[in-house]
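S.K.: Please find the sequence and the predicted model below.
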Amino acid sequence: MEATLFGYIRQLLDTRTLSPHGFCLLWRPELLWTHVISDAVIGLAYMTIPLSLVVIMWRRRDIPFSGVVWCFAVFITACGLTHFMSIVTLWRPIYGIEALIKVVTAAASMLTAVFLWRLIPLAVSLPSPAQLRAANLELEMRIAERDLAIRELQHERDERARVEESLLQTQKLEALGQLTGGVAHDFNNLLQAVQGSFEMIERRAADVSRVKRLARGGIEAAQRGARLTAQLLAFARSRQLKPEAFAIDELVAGLREMLQRTLESAVDLRFDLDAAGQFVLADRTQLELALLNLVINARDALGPDGRITIRTAIATIERASPDLAQGRYVQVSVIDNGAGMPEEVRAKAFDPFFTTKPQGKGTGLGLSQVYGFARQLGGAARIESREGEGAAVSIFLPSVEPPAESIAAPVAAEPTPVVTRGKVLVVDDDPAVRSVAVEALEAMGHEVSQASDGEQALAQLNTWAPDVMVIDYAMPGMTGAQLATQARERRPDIKILFVTGYADVDAVQGSLGADQLILSKPYHFEALVKAVNDALAQGGRSPA
């Protein structure tokens, strides 16, 4: 069969008995060139069509009926070749090659016809321009609806954030209310220690050793009061704090005094801290508030012989669960020996607004916010409890690497700074605070003047040129920031040291500028020395 096929092709290509097509036309020039020009134009036109189709298909590869387009391109190309072969055969009788090209053309035409028939349903289903316009209009309407939904969702998100912030402040106020009695008791103790120390110093002024001992007792009592005030202000601040890395055991240990003040004296509060050196990345205030809420909840569930244990431990999760991924966590648990929870209560304990307390005694948001706080930090909160066997509420927080400053090698204590003497103007509306600051600065050898408000300070600047102004940030009438602005207008080279009693120094610094010198009340003698030295150093003065 192969020999027969090759023999057929040889016969097809044999031109020895054939005459060129021009012979049939008697080689008449007008006939020859009419055929040549017509076939050349038709052939070129045929060749440009598949070239255009190739460009279209190359740029639009997503066209669903590309098969028929390629078949049509082959068909048109073959048709064009037949016209060029008609020109060749005018002078050379290679009719066999022309026949083979026509065979290819026939095959391509058949494939194209088949594809076209199969393409009819798809072509009929294509949308009309009117349908496309209607679809575009509907799409635009849906986009507008989506944009409106996104705006409404953003509004709801903002409203939710506002409500959550309000709830957080409500919880803080409730927690502060729990602290009121203990705080009043502790402050009376502190005031008694300070007042008693000063009375005894007045009576025993000649006994130097006793005066020093009494003064030390008064200073320690004042420092306890400063720590208590700092804790209260931290709970009272309304802004969201930035997460920071801190040692969990140190934070829990620092809450010991405040939690003991919150509980009745009959409650046995214990600490079992076993996560030394473990750090978490969280908001200190929110974590303190979460623990305070858990302790208050535990207290409400206690009987006459109540005991609450705050425990820290390292927890390694080997197998991931829906609420905790694999990894190393710090577990902080508040455990009580109270009434416990039945299974149906424990299952709903973290649900918002769920509470078993009488109306007006609880919002049902404490545990849900504890859970949300833990989940937001990549952890979880869990409850283990049985009715009559107490409860343990645990917060799991991911363990993080300690910050660089916490693992740095200890450095030797800095020596007492060398005093740089200069002219200092102290501006404070509290006469007691102002008097102590003036005495401390005079003891350092400075030339000191004082003013009780901004107007007095500006009047002094007209006749006196201090190197540094020590200004109370919050004063009635003209604030410290306003006074500093006007003072610099009169004395551009004057240095400003702000003193503030606010716990949130970052907020004060944000309103004044990152490079502004700020000293927090209450301050130590050494801190005042260093702050004034830093202010004078900015002016380029040399130590005395």
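M.R.: That came in fine, so what should we check first?
S.K.: All the strands of the stretch 301-450 of the chain, in order from the start?
M.R.: 307-317, 327-336, 380-385, 391-400, 423-427, 447-451 (DSSP state E, counting those that start in this stretch).
S.K.: could you redo those strands as TSV and give each row distance to residue 274, mean neighbour count and mean pLDDT?
M.R.: Every C-beta, even on glycine, is put in place using the N, C-alpha and C of the backbone. Shown next, in TSV, are the strands of the stretch 301-450 of the chain (distance: least, Cβ to Cβ, whole Å; neighbours: other Cβ atoms under 10 Å; pLDDT from 0 to 100):
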stretch	distance to residue 274	mean neighbour count	mean pLDDT
strand 307-317	5	17	92
strand 327-336	10	21	93
strand 380-385	18	19	90
strand 391-400	13	22	92
strand 423-427	49	24	93
strand 447-451	52	18	93
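S.K.: Relative to residue 349, which of those strands is closest?
M.R.: Nearest to residue 349 among these is strand 380-385 (5.5 Å), distances taken as Cβ to Cβ.
S.K.: That closest one pairs with which strands, parallel or anti?
M.R.: Partners of strand 380-385 in the sheet, by DSSP bridges, are strand 391-400 (antiparallel).
S.K.: the inter-axis angle of the strand it pairs with versus strand 327-336?
M.R.: 150 degrees (axes from the mean of the first three to the mean of the last three Cα atoms, to 10 degrees).
S.K.: isn't there a strand covering residue 275?
M.R.: No - read with DSSP: H, G, I helix; E, B strand; the rest coil, residue 275 is coil and lies in no strand.
S.K.: just checking, it touches residue 251?
M.R.: No - judged on Cβ atoms under 8 Å, residue 275 makes no contact with residue 251 at a distance of 10.5 Å.
S.K.: higher neighbour count, these two?
M.R.: Applying other Cβ atoms under 10 Å to residue 275 and residue 251 shows that residue 275 carries more neighbours, namely 21 against 17.
S.K.: Who are the contact partners of that one?
M.R.: 248, 249, 312, 313, 314, 330, 331 (Cβ atoms under 8 Å, 6 or more residues apart in numbering).
S.K.: Which residue ranges of the stretch 101-250 of the chain form helices?
M.R.: For the stretch 101-250 of the chain, applying DSSP state H, counting those that start in this stretch gives helices covering 129-203, 208-236, 248-254.
S.K.: how about residue 200, what does it touch?
M.R.: Listed by Cβ under 8 Å, 6+ apart, the contact partners of residue 200 are 210, 214.
S.K.: and what of residue 313?
M.R.: Residues near residue 313 by Cβ under 8 Å, 6+ apart: 274, 275, 330, 331, 333.
S.K.: Give the other helices and strands that the helix or strand where residue 481 lies contacts.
M.R.: Assigned by DSSP states H and E, residue 481 falls within helix 480-490. Counting by 3 or more Cβ pairs under 8 Å, 6 or more residues apart in numbering; DSSP states H and E, the packing neighbours recorded for helix 480-490 are helix 454-461, strand 468-472, strand 495-500, helix 505-512.
S.K.: And that helix, what's buried?
M.R.: By 16 or more other Cβ atoms under 10 Å, the buried positions in helix 480-490 come out as 480, 481, 483, 484, 487.
S.K.: Quick check: mean pLDDT of it?
M.R.: Across helix 480-490, pLDDT averages out at 88.
S.K.: again, but for stretch 428-435
M.R.: On average, stretch 428-435 scores 83.
S.K.: and it, how far out from the chain's middle?
M.R.: 42 Å (Cα atoms, centre = their mean, to the nearest Å).
S.K.: hang on, the earlier thing: please identify the most buried of the helices and strands packed on helix 480-490.
M.R.: A comparison of the helices and strands packed on helix 480-490 by mean neighbour count, using mean count of other Cβ atoms under 10 Å, puts strand 468-472 on top with a mean of 26.
S.K.: what's the angle from it to strand 423-427?
M.R.: Here strand 468-472 runs at an angle of 10 degrees relative to strand 423-427 (the same axes, to 10 degrees).
S.K.: Give the pairing partners of strand 468-472; include direction for each.
M.R.: Strand 468-472 has its sheet partners listed here by DSSP bridges as strand 423-427 (parallel), strand 495-500 (parallel).
S.K.: wait, which of those is closest to residue 263?
M.R.: It's strand 495-500; of these, that one is closest to residue 263 (Cβ to Cβ) at 32.7 Å.
S.K.: how distant is that closest one from the center of its chain?
M.R.: 33 Å.
S.K.: circling back: quick one: the buried residues of helix 480-490 as CSV, columns for distance to residue 293 too.
M.R.: Output for the buried residues of helix 480-490, formatted as CSV (distance: Cβ to Cβ, whole Å):
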residue, distance to residue 293
480, 36
481, 37
483, 42
484, 41
487, 46
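S.K.: Tell me the one of the residues you listed nearest residue 10?
M.R.: Among these, residue 481 lies closest to residue 10 (Cβ to Cβ), at 106.8 Å.
S.K.: What distance do you get for the closest one to residue 522?
M.R.: Distance from residue 481 to residue 522, counting by Cβ to Cβ, to the nearest Å: 21 Å.
S.K.: For residue 154, give me the pLDDT.
M.R.: At residue 154, the model reports a pLDDT of 89.
S.K.: Equivalent analysis for the one 3 residues further on, please.
M.R.: What the model reports as pLDDT for residue 157 is 84.
S.K.: Burial check on it, number of neighbours?
M.R.: Quick note: residue 157 (other Cβ under 10 Å) scores 10 neighbours.
S.K.: Could you do residue 83 as well?
M.R.: 19.
S.K.: try residue 272
M.R.: The local packing of residue 272 (other Cβ under 10 Å) involves 12 other residues.
S.K.: the domain parsing of this structure - what is it?
M.R.: The record, using automatic domain parsing to delimit domains, assigns the chain the ranges 12-125, 266-404, 423-538.
S.K.: I'd like those written out as TSV, with distance to residue 160 added.
M.R.: Below are the domains of the chain laid out as TSV (distance: least, Cβ to Cβ, whole Å):
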stretch	distance to residue 160
domain 12-125	43
domain 266-404	11
domain 423-538	24
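S.K.: Of all those domains, which one is nearest residue 157?
M.R.: The closest of the domains of the chain to residue 157 is domain 266-404. By Cβ to Cβ, the value is 14.6 Å.
S.K.: Name the nearest residue to residue 272, ignoring sequence neighbours.
M.R.: Leaving aside its chain neighbours, residue 272 sits nearest to residue 311 (4.3 Å; criterion: Cβ to Cβ, 6 or more residues apart in numbering).
S.K.: Kind regards, and thank you for your time.
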